[in-house]
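*Asks:* kindly return the folded structure for what I paste below:
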Amino acid sequence: YWDNWTSPDTNNDGIVDNPYTYIGGAAKTDYLPIAEDGAPRIMINSPSEGDGFSAVAPNFSVSITEDYLDTMWYTIDGGSNNYTFIENGMINQSA
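*Replies:* Take a look at the predicted model:
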């Protein structure tokens with residue numbers, strides 16, 4: 001990903017249509033520069049902010065909008081452990 005080389009990506013395949021030439025000793029070319037259009041848009045549908053729960057964490061529902069989404073994950077211990085998920089569901093209770 002080159003932050004100064006993000007378009008055009010006319011077919012929306014995640015690859016900028018034109019190669020990127022960069023200098024580093026000898027001139028080099030990245031023929032498949034990755035396009036990035038900013039951070040994903042994340043909406044937490046549930047639980048609502050301030051909802052209480054006890055020893056069992058609540059189910060969750062999120063909406064994530066990202067053209068090139070690869071992996072979704074959450075952490076509940078400050079990042080020591082990350083848990084991947086592929087759809088809305090339940091929080092890993094053993095975390």
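*Asks:* from here on, just use CA atoms for contacts and neighbour counts.
*Replies:* Fine.
*Asks:* which stretches of the chain form helices?
*Replies:* With DSSP state H, there are no helices along the chain.
*Asks:* ok, the residue nearest to the spatial centre of it to K28 distance?
*Replies:* Compute the mean C-alpha point of the chain, and by C-alpha atoms, centre = their mean the closest residue is L69, 5.3 Å away. Noted for L69: a distance of 28 Å to K28, by C-alpha to C-alpha, to the nearest Å.
*Asks:* now swap in E66 and tell me
*Replies:* Distance, E66 to K28, by C-alpha to C-alpha: 30 Å.
*Asks:* neighbour count winner among those two?
*Replies:* E66 (14 against 11; other C-alpha atoms under 10 Å).
*Asks:* got a list of what the residue nearest to the more buried one when sequence neighbours are not counted touches?
*Replies:* Distances taken as C-alpha to C-alpha, 6 or more residues apart in numbering put P40 closest to E66, at 4.8 Å, once the chain neighbours are dropped. By C-alpha atoms under 8 Å, 6 or more residues apart in numbering, the contact list for P40 reads I64, T65, E66.
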